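>>> attaching a predicted model along with its sequence, questions to come.
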Amino acid sequence: MDFVSIVRVALRALTRNKMRSILTMLGIIIGVGAVIAMVGVGQGANEQMQQQIAAMGSNLLIVQAGSRQAGVVRVGYGATKDLLPGDEAAMLAEIPLIKESAAGTNSHQQVISDNNNWGTSINGTEPDYFDIRSWTFDLGGPFTTQDVTLANNVAVLGTTVYLNLFPDGSDPVGKTIRIKNLPFTVVGTLQSKGQTGFGQDQDDTVYIPYTTLQKKISGQSWLQNISVSATSKETTDTVSQQIVNLLHTRHRIRAGQGDDFEVHNLSDVADVANAAGSIMTTLLASIASVSLLVGGIGIMNIMLVSVTERTREIGIRMAVGATEADVQKQFLIEALVLSLLGGIIGIVFGLVTSWLISAIAKWAVDVSILSIVVAALFSAAIGIFFGYYPAKKAAHLDPIEALRFE
C-alpha cells in the first residue's frame, strides 16, 4: 500500500470517531499553542529589557562619584567631591578607546513658564550626552560646546516638562523659562522615552550646560558623574579598567585604599539581563511543554484503544496479505496525523493567544519563526514517539487470534 493510500485510510479511521479524535488532539493543540505563546512572552520581555538598556546609551560606562565617611557616618554614592572636569579631559586625552564623554551633575528645582510651573530634575551636562544616549529631538536641537564654555542660560526640555510648562502645545523653542529665578532660553525638546525598567520617568528632566548649573544654581565645582561611550561593546571592559587606573593615579589612591568613585559598565548589565531573559524563556517553554507530553500520552491511550477495537480488522488485513510492517506503518501514521493536525491548529491557537496577550495585557510579545518550527517538529515527534508502541502492538497480533476476536 502506497503512502497516500495509508494516509487516506488513516483519515477515514480517525473520522469514524470525530469527537474522540478532537479531544485527543486537544492536548497537542493546547501544548503547541502554550509553547508558542509562552516563548513569545519570554522573548518579548527579554527584547524589551534589552531595548531599555540600549536606550540608556551606546557602549555606555558611567563614572560616578563614590561614597565618603564623615566620622562614623557613611554617606552614599555621589557624595565625594573628587570627580572633577579635569578627570573627564584626562580620560579623553589618555584613553583612545573612548569615543565620546559628557560631564554630569544635577539638582532639583522648580521651573516656571508664564503661569505654569513644574518641579523637576535639572541635569547639567554637555552636547555629546545626547549622542551617547542616542536620543533624538522633537523640536530644535541640543545646546553647543560654546554654551558650556560660556555657561550660557539655555535648556533642553524632556516631554513631561514640556507638556506641563506649555500645555497648549505651542512651540517652546526660543521661549524663556525660569529656573531658580534665572531666565533660560529653550533650544530644543526631546522625543518621549517613557519610563525606565525601574519606573523612573525619563522625560521629567531639563538639561542645561553643566557649567551653568555649577556656577549659577548649585555652586559646586565637582561632578557627580561622567558618561563615557566606548568605541565598541567589546572594548568596554578595557575602557573600564583604564578609567580605574587613570583615576587611581589622578586621585592618588594607593593600593588597599577604597576608591572615591564607581565605574558602571552597562554592557555587563545587558549581558546579565539577557542571561536572565533566556532562563525565563526556557522556564516558560518547559512548563508549557508539559501539556505536550500529556497530549502525547493521550494519543498513546487512544491508539491502544483503537488497536483493541480494530483487532478483527487487523486480522483481516493480515489475512489478505498485509505484512507486519504495513500494519505498524498504518497505526503509526494515524498517530502522526493526529499530532500534526493538532500541531497545525495549535500554531494558529498560539498565534491568536500571543496577539490577545499583547492586545489585552499590553505585554511585549515576540513570536519567532523558530519557535513555531520547533513546536511543529516537537508535535510530530510526540506523535511518532507515543504512537510507536500501539503500532508495534498492532503489528505483532496473531492473525488467527485476531480473526477470532469479537
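Sure thing, it's come through.

>>> which residues of the chain fall in strands?
For the chain, the strands defined by DSSP state E occupy 60-65, 68-70, 73-75, 98-113, 116-125, 137-140, 154-157, 176-179, 182-190, 205-209, 225-230, 261-265.

>>> will you turn those into a markdown table that also has mean pLDDT?
Formatted as a markdown table, these follow (pLDDT from 0 to 100):
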| stretch | mean pLDDT |
| --- | --- |
| strand 60-65 | 89 |
| strand 68-70 | 53 |
| strand 73-75 | 51 |
| strand 98-113 | 94 |
| strand 116-125 | 95 |
| strand 137-140 | 95 |
| strand 154-157 | 97 |
| strand 176-179 | 96 |
| strand 182-190 | 96 |
| strand 205-209 | 97 |
| strand 225-230 | 92 |
| strand 261-265 | 87 |
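
>>> could you redo the ones you listed as a markdown table and give each row mean neighbour count?
C-beta: built from backbone N, CA, C; applies to glycine. Output for those, formatted as a markdown table (neighbours: other CB atoms under 10 Å):
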| stretch | mean neighbour count |
| --- | --- |
| strand 60-65 | 22 |
| strand 68-70 | 12 |
| strand 73-75 | 10 |
| strand 98-113 | 20 |
| strand 116-125 | 19 |
| strand 137-140 | 16 |
| strand 154-157 | 26 |
| strand 176-179 | 19 |
| strand 182-190 | 20 |
| strand 205-209 | 26 |
| strand 225-230 | 25 |
| strand 261-265 | 19 |
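
>>> a markdown table for those strands, including distance to Leu304?
Shown next, in a markdown table, are the strands of the chain (distance: least, CB to CB, whole Å):
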| stretch | distance to Leu304 |
| --- | --- |
| strand 60-65 | 61 |
| strand 68-70 | 74 |
| strand 73-75 | 71 |
| strand 98-113 | 67 |
| strand 116-125 | 69 |
| strand 137-140 | 67 |
| strand 154-157 | 71 |
| strand 176-179 | 78 |
| strand 182-190 | 66 |
| strand 205-209 | 67 |
| strand 225-230 | 63 |
| strand 261-265 | 58 |
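
>>> closest to Gly277 out of those?
Ranking those by proximity to Gly277 (CB to CB) places strand 261-265 first, at 18.5 Å.

>>> who does that closest one pair up with?
strand 60-65 (antiparallel) (DSSP bridges).

>>> contacts for the strand it pairs with next, please.
Contact partners of strand 60-65, identified using CB atoms under 8 Å, 6 or more residues apart in numbering, comprise 77-83, 87, 91, 132-133, 222-230, 236, 239-240, 243, 247, 260-267.

>>> what about 7 Å?
Strand 60-65 is contacted from outside by 77-80, 83, 132, 223-230, 236, 239-240, 243, 261-266, using CB atoms under 7 Å, 6 or more residues apart in numbering.

>>> okay, the angle between it and strand 225-230?
Per axes from the mean of the first three to the mean of the last three CA atoms, to 10 degrees, the angle that strand 60-65 makes with strand 225-230 is 150 degrees.

>>> just the CA trace of strand 60-65, in PDB.
Provided in PDB are the C-alpha atoms of strand 60-65 (Å, rounded to 0.1, in the frame of the first residue of the first chain):
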ATOM      1  CA  LEU A  60      27.900  53.200  27.900                       C
ATOM      2  CA  LEU A  61      30.000  53.400  31.000                       C
ATOM      3  CA  ILE A  62      29.100  55.700  33.900                       C
ATOM      4  CA  VAL A  63      31.800  57.000  36.200                       C
ATOM      5  CA  GLN A  64      30.100  58.100  39.400                       C
ATOM      6  CA  ALA A  65      31.300  60.000  42.400                       C
END
